[in-house]
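Colleague: Have a look at this prediction, sequence included:
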Amino acid sequence: MSAEQSNIAVNALRLACHCKANSYSFSAATPLDSTFTDVRICQCTDCRLQTGNLASWFVRAPHKPFNPKYVPDTLKAYQVDTSLTHYFCRTCSSQLFRREDPPDGDGEPEFWIFIGCLDLPPDYRFKISHVEGIEEGSDGGLASWLPGVRYHGKNGVTLKDDDIRGLESSEDSAGSSGNAAGDGETEDDQLSDNGEDGAGRLRGECHCSNIELRLSRLADNNEYKPPLIYSDNTDLVIPYWTPQDQQPPIDHENPWWIRKAAPNSEHKRFLGGNCTCTSCRTISGTEVQSWIFVPTNCIHIILPNGESIPWPSRETLINGSDRRVNRIIGVYKSSPGDPGVIRGFCKKCGANIFWDGLTRRNFIDLSAGLFTINGTKQQEWIEWWTERVSYVEDTKGIAREDIGLLVETGIREWRKRSSFV
Ligand SMILES: [Zn+2]
Ligand SMILES: [Zn+2]
Ligand SMILES: [Zn+2]
Ligand SMILES: [Zn+2]
């Protein structure tokens, strides 16, 4: 039966990475059937460390986009485990595809599309049909901020909102556990339950471990404040459409990026938040990009040879002048009209690492998913912003409004039921 006979229109759904080096189309009957509307979210540790986000988001590919034996030059394949491969753009790092091989190696692989890069028709309705990997990361992770969706636990058990809240409360009561490392032990040998190294720094890494990071605490001194460190207001806190004369000036004594300590802790925290802007979405391939706002003098990179170096300057990153860094971090100028805007990713596994812009000095956004080796929300280190999802306006009119609103509702409800945020 032809499409005409059945009164079903057949359209091409386009999938393109941010830099447009990779472009695919999938024929789809409209209204779209469950192949495209059933969205699967996975927040397992592999997905978090490989995307740099709190979860990856997929729909099933209706057909193989390419023969896995001949991967297009513009795509890089990264083997997540023996039966799982992710594909991302070599230039801009957009996550595009996931390939799942049958466990016994017999039969056809199954392809999934990272939904963030998919152009959706205006009448599209999201249906989050499946959230998995919830037990990994201990505190409910992104699922805490997606109210009313069904979660799939281990062994196919369906979890409800209350089950997720149970995971959250065990995290809340954990409190500040400090770290257990003694003198003279090397930092890499030590990882306490709260994800800190022997020096009390928060450990982060991408999936392939080529990029290992250490976050130091914000101290109560001027090294972390203007003028050495500077960033304009963030859209997360002061929406971009706020009239200029109503935008608060940066408070040099108490800048917005230094947040109060968690209860029972004396350490100031970083601000964290979620962004649904078009460029974050298309570069990460996921619908929600979670960031931590960090002065660069709090960041060290542990190179693959074990050497610890401070976070490089923007110029060093753009020019690729430090070969040790250039070997592992890919830099992408994500805003052609604004050469100061750059993003970085792991050249080997594609994990999203950072965002930087010209209105800043020694200050970047770091991908929150990298710091989820132990505990997803890291509330001892991060105060999550619960008023707003950054650039939620970008989701309007492109069939993604439901996601922006769902997360905004979710974080506000989470704030109400949490003992602290
Ligand atoms: Zn690209
Ligand atoms: Zn996963
Ligand atoms: Zn990596
Ligand atoms: Zn963004």
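Modeller: Cool, got the structure. Ligands and ions are numbered 1, 2, ... in the order given.

Colleague: contacts and neighbour counts: CA atoms only from here.
Modeller: OK.

Colleague: Look up how far Arg281 lies from the nearest residue to Asp232 once chain neighbours are set aside.
Modeller: Sequence neighbours aside, Thr359 is the residue nearest to Asp232 in space, at 6.1 Å (criterion: CA to CA, 6 or more residues apart in numbering). Distance from Thr359 to Arg281, counting by CA to CA, to the nearest Å: 22 Å.

Colleague: Which of those two has more residues huddled nearby?
Modeller: Using other CA atoms under 10 Å as the criterion, Thr359 and Arg281 rank with Arg281 on top: 23 against 12.

Colleague: What are the contacting residues of the helix or strand the more buried one falls within?
Modeller: For Arg281, the host element (DSSP states H and E) is helix 278-284. Outside helix 278-284, the residues that touch it by CA atoms under 8 Å, 6 or more residues apart in numbering are 17-18, 51, 53, 92-95, 116-117, 287-289, 334, 352, 394-395.

Colleague: try 6 Å this time
Modeller: For helix 278-284, contacts defined as CA atoms under 6 Å, 6 or more residues apart in numbering pick out His18, Ser94, Gln95, Gly116, Cys117, Glu287.

Colleague: Next: stretch 265-277.
Modeller: The contact list for stretch 265-277 (CA under 6 Å, 6+ apart) reads 218, 257-261, 288-293, 381-385, 389-392, 394.

Colleague: hmm, stretch 289-309 in reach of ligand 4?
Modeller: No: contact of stretch 289-309 with ligand 4 (CA under 5 Å from the ion) is absent, the minimum separation being 6.7 Å.

Colleague: Would you indicate which residues of that stretch are buried?
Modeller: Residues 289-303 are the ones in stretch 289-309 that count as buried (16 or more other CA atoms under 10 Å).

Colleague: and what of stretch 235-244?
Modeller: Under 16+ other CA under 10 Å, the buried positions of stretch 235-244 are Asp235, Leu236, Ile238, Pro239.

Colleague: in the stretch 251-400 of the chain, what spans have low per-residue confidence?
Modeller: Within the stretch 251-400 of the chain, no stretch has pLDDT under 70.

Colleague: from it, which residue is nearest to ligand 3?
Modeller: For the stretch 251-400 of the chain, the residue closest to ligand 3 is Cys349, as judged by CA to the ion, at 4.0 Å.

Colleague: distance of that residue from Arg327?
Modeller: Taking CA to CA, one finds Cys349 at 13 Å from Arg327.

Colleague: between those two, which one's more packed in?
Modeller: Cys349 (26 against 13).

Colleague: Report the secondary structure state of Pro121.
Modeller: coil (DSSP: H, G, I helix; E, B strand; the rest coil).

Colleague: Just the buried subset of the contacts of helix 278-284, written out for ChimeraX, thanks.
Modeller: The ChimeraX command for the buried members of the contacts of helix 278-284 (criterion: 16+ other CA under 10 Å) is given here:
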select :18,94,95,116,117,287
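
Colleague: a markdown table please, covering the contacts of helix 278-284 and showing secondary structure.
Modeller: Converted to a markdown table, those look like this (three-state DSSP):
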| residue | secondary structure |
| --- | --- |
| His18 | coil |
| Ser94 | coil |
| Gln95 | strand |
| Gly116 | helix |
| Cys117 | helix |
| Glu287 | coil |
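
Colleague: From the contacts of helix 278-284, list the ones also adjacent to ligand 1.
Modeller: Counting by CA under 5 Å from the ion, His18 from the contacts of helix 278-284 sit close to ligand 1.

Colleague: so which of the contacts of helix 278-284 comes closest to ligand 2?
Modeller: Ligand 2 has its nearest neighbour among these in Gln95, at 13.4 Å by CA to the ion.

Colleague: any idea how far ligand 4 is from the closest one?
Modeller: 15 Å (CA to the ion, to the nearest Å).

Colleague: thought that residue was touching Gly285?
Modeller: Yes: using CA atoms under 6 Å, Gln95 is in contact with Gly285, at 4.8 Å.

Colleague: what sits in contact with each of these two?
Modeller: Joint contacts of Gln95 and Gly285 (CA under 6 Å, 6+ apart) do not exist.

Colleague: JSON lines please, covering the buried residues of stretch 235-244 and showing secondary structure.
Modeller: Compiled in JSON lines, the buried residues of stretch 235-244 are given as follows (three-state DSSP):
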{"residue": "Asp235", "secondary structure": "coil"}
{"residue": "Leu236", "secondary structure": "coil"}
{"residue": "Ile238", "secondary structure": "coil"}
{"residue": "Pro239", "secondary structure": "coil"}
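
Colleague: Tell me the one among the residues you listed nearest to Leu167.
Modeller: Distance ranking of those against Leu167, using CA to CA, places Leu236 first at 26.5 Å.

Colleague: how about the nearest residue to the closest one, chain neighbours excluded?
Modeller: Ser390 (4.3 Å).

Colleague: hang on, isn't that neighbour packed against Thr234?
Modeller: No: using CA under 6 Å, Ser390 is not in contact with Thr234; the gap is 8.4 Å.

Colleague: Might you report the residue contacts of Leu13?
Modeller: Neighbours of Leu13 in contact, by CA under 6 Å, 6+ apart: Ser25, Phe26.

Colleague: Just the buried positions in the helix or strand where it lies, please.
Modeller: Using DSSP H and E, Leu13 sits within strand 9-16. For strand 9-16, burial by neighbour count (16+ other CA under 10 Å) applies to Leu13, Leu15, Ala16.

Colleague: ok, and which of those residues reach ligand 2?
Modeller: Among the buried residues of strand 9-16, not one lies near ligand 2 by CA under 5 Å from the ion.

Colleague: avg pLDDT for the longest helix along the chain?
Modeller: Using DSSP state H, we find that the single longest helix of the chain is helix 401-417. On average, the pLDDT along helix 401-417 is 93.

Colleague: what about it and ligand 4, touching?
Modeller: No: Helix 401-417 is not in contact with ligand 4 by CA under 5 Å from the ion; minimum separation 12.2 Å.

Colleague: what's that helix in contact with?
Modeller: Here helix 401-417 makes contact (CA under 6 Å, 6+ apart) with Trp145, Leu146, Pro147, Thr386, Arg388, Val389, Val392, Thr395.

Colleague: Next, the contact list for the fifth one, please.
Modeller: In this structure, Arg388 makes contact with Glu408, judged by CA under 6 Å, 6+ apart.
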